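Student: Got a predicted model here, sequence first, then my questions.
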Amino acid sequence: MKRKWIYSLLFILFLFTTIAFTIDVYSEPISRENAKITYVKNEEITNGIEMEHQTKEAKGFTSSTNIAKINIPAIDDRIFSWVQQKEDEFFNEIEAKKTQLTRHVQASFNVDTTVEHVNEHWLTIELDVQSFVDDSFTKDALIAQTETKTFTIDLEKEQIVSLNDIFPELANDAQKDKFSHFITHIKDQQIQSQLQPLKNRSLEQIDWILINNGIEILVNDETTNKISQRIIIDFEIVHQQLAKRYKQTFLPHIVKKEREKAEKLKEKEKKQREQKRKLVALTFDDGPDELVTPKILNILDKYKVQATFFMLSKSVRAYPKTAKLVAKNRHEIANHSHAHRNLNSLKTARLNEEINDSKQIITEITGKAPKLFRPPYGEYNSNVMKFASKSKQKVILWSVDSLDWKYKSKRQIYDTVIRDTKPGSIILMHDIHESTAHALPSIIEKLQKDGYEFVTVSELIKTIDHAPNGAYYGK
Ligand code: ZN
């Protein structure tokens, strides 16, 4: 009878143990349902950036997260979503290991954030996630994970920065998504080999942050997933691939050097172009002439050629309308003295009349002040040079004499000019002979065909040197 009672007791004990064990296995030891959530908000850590601290407590589960809020909604959402995703993944893993869980397990999910201002335009955020499940009875760690995620934020553009933003050349490349390809752009053997463990990743899978002289790439240990190395890629070694915005901010000295180099090259090319230009100046002396000058003006107008007219102020006075017409056609008005005397034979008082007074008369009538003076017959002495210089007139001679006053033949004038003209020439003609007007169209056509550009004497002498005494002859 007593023995039977003991059996019954043992049976009841067995039943209880079984029920207790069954409950222990099949009830969920870890849950985030009905969590008690505590927020500590708005702890400003640096200008405009807040750290939001949150704790959660539920059955077998605690969570502690410190997440930066930078108050750019799209970016805050993205960071928050990433943390949420990590918590979901953690619970998926717990679900997968359900059968190994006892009532002694404790799950924990923690996030810490480091915020660094690179400068006023950029900041970096580094999130460190630690999640684990421990059995407090057996001391076993069922799950133990760490993960790091980085964000570099362009505060001005309110965007998360990608490696493609910093190295736009990579974005144009078919291989752009592969980090192995990125590595090939780094001209530093040591860094290249340090980055080899990451070579099979896509650019998206690389954790990196912007620092004040480049980027820092985070390398994690393959087994523990912990950050084991931080490799700095100095912008100087990848400056050729760097986007303009980053280059200007982080490498201003290189930008300055490159700009100076480009300017020098531009200057050199401009000079070479100028030297290649075949410039030539047509000059007409002894006018204006009531009959011939208008004919010459028509021809010049037809070929869109600018010339220089060395006028006698005596003739300007005689034919003011013609003189004005020359100025109106935007040719250069120059001074050829008052009455065409040989200046070497004149006294100082007369020189003043021929050089200064003549300039005044031409200025008054044409409205243009001559800056150039050509002495009649090309005869001048140091006194002439002095007067010209005092009245701010450059002394201009010629390098090609058409001899139009002598030949009076279209063919001979043409042959002489074409034979002697070269780049930089100042060609002497006269707008008082009909034959000059006859020869002019074929001379212009031939020189234009040969690549010559017609400019005024003032333009031409910018590109050629004067003689030791200051007079210009042309080439
Ligand atoms: Zn003359």
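Tutor: Cool, got the structure. If you're wondering where the values come from, they're calculated on a predicted model, not measured in any experiment. Numbers count the residues shown, from 1 in each chain.
Student: Make sure Asn469 is indeed in a helix.
Tutor: No: counting by DSSP: H, G, I helix; E, B strand; the rest coil, Asn469 is located in no helix; its state is coil.
Student: where's Lys408 relative to Ile299, distance?
Tutor: Distance of Lys408 to Ile299, computed by CB to CB, to the nearest Å: 18 Å. From N, CA and C alone the C-beta is placed, and that goes for glycine too.
Student: Just the element for the closest residue to Glu274 other than its chain neighbours, please.
Tutor: Of all residues not flanking Glu274 in the chain, Thr463 sits nearest, at 6.2 Å (CB to CB, 6 or more residues apart in numbering). Counting by DSSP states H and E, there is no helix or strand that carries Thr463.
Student: Just list the residues touching Thr463, thanks.
Tutor: With contact set as CB atoms under 8 Å, 6 or more residues apart in numbering, Thr463 has these partners: 274, 277, 279, 424.
Student: What about the first one, how many residues nearby?
Tutor: The local packing of Glu274 (other CB atoms under 10 Å) involves 11 other residues.
Student: Okay, and Val305 sits in which element?
Tutor: Here Val305 is assigned to no helix or strand, by DSSP H and E.
Student: quick one: pLDDT of it?
Tutor: According to the prediction, Val305 has pLDDT 97.
Student: so what's the backbone phi/psi at the residue of the stretch 1-150 of the chain found nearest the ion?
Tutor: In the stretch 1-150 of the chain, no residue comes nearer to the ion than His121, which is 69.7 Å away by CB to the ion. Note on His121: its backbone torsions stand at phi -100, psi -20 [degrees, to the nearest 10].
Student: so how far is His181 from the residue nearest to the spatial centre of the chain?
Tutor: In the chain, the residue lying closest to the centroid (CA atoms, centre = their mean) is Lys244, at 6.2 Å. Between Lys244 and His181 the distance is 22 Å, computed by CB to CB.
Student: what do you get for Gln241?
Tutor: Noted for Gln241: a distance of 12 Å to His181, by CB to CB.
Student: Setting aside sequence neighbours, what's the nearest residue to the residue of the stretch 301-450 of the chain found nearest the ion?
Tutor: Across the stretch 301-450 of the chain, the shortest distance to the ion (CB to the ion) belongs to Pro376, at 4.8 Å. Counting by CB to CB, 6+ apart, Pro376 lies nearest to His340, which is 4.5 Å off, once chain neighbours are set aside.
Student: same thing with Asp177?
Tutor: Per CB to CB, 6+ apart, closest to Asp177 is Ser202, 4.9 Å.
Student: Pairing partners for the one you found in the sheet, please.
Tutor: Lys178 (DSSP bridges).
Student: burial measure for it, as a count.
Tutor: Neighbours of Ser202 (other CB under 10 Å): 12.
Student: which SSE is Asp285 in?
Tutor: Per DSSP H and E: strand 278-287 holds Asp285.
Student: what distance separates that strand from the centre of its chain?
Tutor: Remark: strand 278-287 is offset 44 Å from the chain centroid, using CA atoms, centre = their mean, to the nearest Å.
Student: Pull out the buried residues from it.
Tutor: 279-287 (16 or more other CB atoms under 10 Å).
Student: same thing with stretch 37-54?
Tutor: By neighbour count on 16+ other CB under 10 Å, the buried set for stretch 37-54 is 49-54.
Student: Show me which residues of this protein are close to the ion?
Tutor: Counting by CB under 5 Å from the ion, the positions of the chain adjacent to the ion are 285-286, 376.
Student: got any ranges where the chain has weak pLDDT?
Tutor: Counting by pLDDT under 70, the chain shows low-confidence ranges at 1-2, 18-27, 42, 170-176.
Student: and Val384, which of the three is it?
Tutor: Going by three-state DSSP: Val384 is helix.
Student: List the residues that contact it.
Tutor: 343-344, 351, 355, 375, 395.
Student: So which of those sit within helices?
Tutor: Judged by DSSP state H, helices contain the following of the contacts of Val384: Leu351.
Student: how about the helices in the stretch 251-400 of the chain?
Tutor: 252-276, 292-302, 313-318, 320-328, 348-352, 358-366, 382-390 (DSSP state H, counting those that start in this stretch).
Student: Pretty sure Thr293 sits against Val326.
Tutor: Yes: contact criterion CB atoms under 8 Å: Thr293 and Val326 qualify, at 6.7 Å.
Student: out of these two, which sits in the busier spot?
Tutor: With neighbours defined as other CB under 10 Å, Thr293 and Val326 compare such that Val326 has more, 28 against 23.
Student: Nearest spatial neighbour of that one, chain-adjacent residues omitted?
Tutor: Counting by CB to CB, 6+ apart, the nearest residue to Val326 once its immediate chain neighbours are dropped is Phe309, at 5.1 Å.
Student: Next one: the one you found relative to Asn212, how far apart?
Tutor: In terms of CB to CB, Phe309 sits 66 Å off from Asn212.
Student: Lys266 too?
Tutor: For Lys266, the distance to Asn212 equals 32 Å [CB to CB].
Student: Quickly list what's touching both of Thr293 and Val326.
Tutor: Both Thr293 and Val326 are contacted by 287, 309, under the criterion CB under 8 Å, 6+ apart.
Student: Check the spacing between the residue nearest to Glu204 when sequence neighbours are not counted and Lys187 real quick.
Tutor: Leaving aside its sequence neighbours, Glu204 sits nearest to Asp177 (CB to CB, 6+ apart; 7.3 Å). Distance, Asp177 to Lys187, by CB to CB: 21 Å.
Student: Those two - which one has more neighbours?
Tutor: Asp177 (16 against 12).
Student: buried residues in the strand or helix carrying Ser63?
Tutor: Ser63 is part of strand 61-69, with elements assigned from DSSP H and E. Under the neighbour-count criterion of 16+ other CB under 10 Å, strand 61-69 has 61, 63-69 buried.
Student: Stretch 400-411 too?
Tutor: 400-402, 404-405, 407, 410.
Student: same thing with stretch 444-461?
Tutor: Quick answer for stretch 444-461 (16+ other CB under 10 Å): 444, 447, 452, 454-457, 460-461.
Student: Tell me the one of the residues you listed nearest Lys4?
Tutor: Val455 (133.3 Å; CB to CB).
Student: Is it correct that that closest one is in contact with Val305?
Tutor: No: applying CB under 8 Å as the test, Val455 and Val305 come out as separate, 9.3 Å apart.
Student: burial count for the spatially closest residue to Thr114 that is not a sequence neighbour?
Tutor: Using CB to CB, 6+ apart and skipping the chain neighbours, the partner closest in space to Thr114 is Glu126 (4.5 Å). Residues within reach of Glu126, counting by other CB under 10 Å, total 20.
Student: so what's Glu126 up against?
Tutor: Here Glu126 is in contact with 113-116, 148-150, 209 (CB under 8 Å, 6+ apart).
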